[in-house]
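*Asks:* here are the coordinates; sequence isn't available:
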């Protein structure tokens, strides 16, 4: 409930900070992944035209996507494949099952040479958690190296204890660790 109450005010704050160049709406993490904020319709058109985005991983709940973003059907009509991994804002972290599904989706698109837009509301916590897990898998990195790498590309990420637990649990599940 708290996440729903704060949704529109925090979207407004994020938009204001991006307009005033305090934050970027999105940042490229590697040749495949762009990590960013909620893809408003104008942002989505820019991502398609300028960044050649062909897929999207969404860590938002349904209510966060209404009115401000394209629907799954509209994205499909624009040539974007979307994977939604519903995760509660403010207090949530992706489940291990959703992390695994998300990393698999990102890796498959990497193998196809596609660019994927990975996002939550602000591109700081939920989606940053998945970006770290993706990098750990493809590079066989430990959590600290993957987190430092993501921070070097998108300094505003904010991983709290719940997210760190999820990251470490995923790392332990990897065969190389």
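*Replies:* Received it, and whenever you're ready, just let me know what you need. Fair warning: this is a prediction, and the values are worked out from it, not measured in the lab.
*Asks:* all strands of the protein, in order?
*Replies:* Counting by DSSP state E, the chain has strands at residues 26-28, 33-36, 53-58, 81-84, 115-119.
*Asks:* In a markdown table: those strands, plus distance to residue 167, mean neighbour count and mean pLDDT.
*Replies:* The way it works is simple: take the backbone N, C-alpha and C, and place the C-beta from them, glycine included. Formatted as a markdown table, these follow (distance: least, CB to CB, whole Å; neighbours: other CB atoms under 10 Å; pLDDT from 0 to 100):
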| stretch | distance to residue 167 | mean neighbour count | mean pLDDT |
| --- | --- | --- | --- |
| strand 26-28 | 19 | 18 | 98 |
| strand 33-36 | 15 | 26 | 98 |
| strand 53-58 | 16 | 24 | 98 |
| strand 81-84 | 19 | 18 | 98 |
| strand 115-119 | 15 | 25 | 99 |
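*Asks:* Turn the ones you listed into CSV, columns for distance to residue 132.
*Replies:* Converted to CSV, the strands of the chain look like this (distance: least, CB to CB, whole Å):
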stretch, distance to residue 132
strand 26-28, 14
strand 33-36, 10
strand 53-58, 13
strand 81-84, 17
strand 115-119, 11
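*Asks:* Residue 90: which of those strands is closest?
*Replies:* strand 115-119 (15.9 Å; CB to CB).
*Asks:* quick one, that closest one and strand 53-58 angle?
*Replies:* Orientation of strand 115-119 against strand 53-58 (axes from the mean of the first three to the mean of the last three CA atoms, to 10 degrees) gives an angle of 20 degrees.
*Asks:* Okay, now the sheet partners of strand 115-119, with direction.
*Replies:* strand 33-36 (parallel), strand 53-58 (parallel) (DSSP bridges).
*Asks:* what's the closest of these to residue 27?
*Replies:* Here strand 33-36 is closest among these (CB to CB), at 5.8 Å.
*Asks:* Now do the closest one: everything it contacts.
*Replies:* 24-29, 43, 47, 51, 53, 106, 115-119, 123, 127-128, 131, 134, 150, 153-154, 157 (CB atoms under 8 Å, 6 or more residues apart in numbering).
*Asks:* try 7 Å
*Replies:* The contact list for strand 33-36 (CB atoms under 7 Å, 6 or more residues apart in numbering) reads 25-29, 51, 53, 106, 115-119, 123, 127-128, 131, 134, 154.
*Asks:* same check, this time on stretch 94-110
*Replies:* 32-33, 55, 57, 59, 83, 85, 87, 116, 126, 129-130, 133-134, 137-138, 166, 169-170.
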